[in-house]
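Participant: Any chance you can model this:
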Amino acid sequence: MIIKKIFIIGAFTSVSNNGLNKYKIYYEILKKQFPNAEIKTPNDILIYRLNFERVNKNATVKQIADAMVKYDIEQVTSSDLIVADVSIASTGLGIELGSLMGKRKKILLFALKDFTISNMVIGAFDNVNLVRYNRLEELDMLLNESLKKLF
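Facilitator: Model (predicted):
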């Protein structure tokens, strides 16, 4: 299978959970494994929002929210591989993952070992792989192992 587009999702803005470091680790590993793939990150979503607000200076909160949801769901559903860190419960992450139900996407879920993950997240997909980790330093090895199993 050729991977053209990858989307990294999760509640990465949590400073207390080293969120920004986490998504960068995922990005670097995925870029090495899939050098020709387009990799979308939470940063791309933020850039889209800032550009949307700049171009649409009079947009209401609802118009901005509508544009963000549409863009985000388009990015998730058009990706060949989704890598999600589900260590932090997030309504947005649940919506992103929910948009994939019934679709044949490769999905890798990562979560800290001591975090409870919703059965709705784990049970919603036939093709989900849940990987638990203790420390950020393990992500490199675990993601590489998971990619080898998946492909």
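
Participant: so for stretch 95-108, what's the average pLDDT?
Facilitator: Throughout stretch 95-108, pLDDT has a mean value of 86.

Participant: any low-confidence regions in this structure?
Facilitator: Across the chain, the stretches falling below the confidence threshold (pLDDT under 70) are 12-20.

Participant: need the strands for it, in chain order.
Facilitator: 5-10, 38-40, 81-85, 106-112, 128-133 (DSSP state E).

Participant: Let me know which of these is tucked in deepest.
Facilitator: Mean neighbour counts were taken over these using mean count of other Cβ atoms under 10 Å, and the top value, a mean of 25, falls to strand 81-85. Bear in mind the C-beta positions are built from the backbone N, C-alpha and C, glycine included.

Participant: That one to strand 5-10, inter-axis angle?
Facilitator: Angle of strand 81-85 versus strand 5-10, following axes from the mean of the first three to the mean of the last three Cα atoms, to 10 degrees, is 10 degrees.

Participant: orientation of strand 81-85 relative to strand 128-133 in degrees?
Facilitator: 40 degrees.

Participant: circling back: now for the strands of the chain, which one comes closest to residue 147?
Facilitator: When the strands of the chain are compared for distance to residue 147 using Cβ to Cβ, the nearest one is strand 106-112, at 7.7 Å.

Participant: For the lengthiest helix in the chain, C-alpha coordinates in CSV please.
Facilitator: Criterion DSSP state H: the longest helix present in the chain is helix 61-77. As requested, C-alpha coordinates have been extracted for helix 61-77 and formatted as CSV (Å, rounded to 0.1, in the frame of the first residue of the first chain):
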residue,chain,number,x,y,z
VAL,A,61,-17.3,32.4,15.8
LYS,A,62,-19.7,30.0,14.2
GLN,A,63,-18.3,30.6,10.7
ILE,A,64,-14.8,30.0,12.0
ALA,A,65,-15.9,26.8,13.8
ASP,A,66,-17.7,25.5,10.7
ALA,A,67,-14.7,26.1,8.5
MET,A,68,-12.4,24.4,11.0
VAL,A,69,-14.6,21.4,11.4
LYS,A,70,-14.9,21.0,7.6
TYR,A,71,-11.2,21.4,7.0
ASP,A,72,-10.3,19.1,9.9
ILE,A,73,-12.7,16.3,8.8
GLU,A,74,-11.5,16.6,5.2
GLN,A,75,-7.9,16.1,6.4
VAL,A,76,-8.7,13.1,8.5
THR,A,77,-10.9,11.3,5.9
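
Participant: Nothing else from me, thank you.
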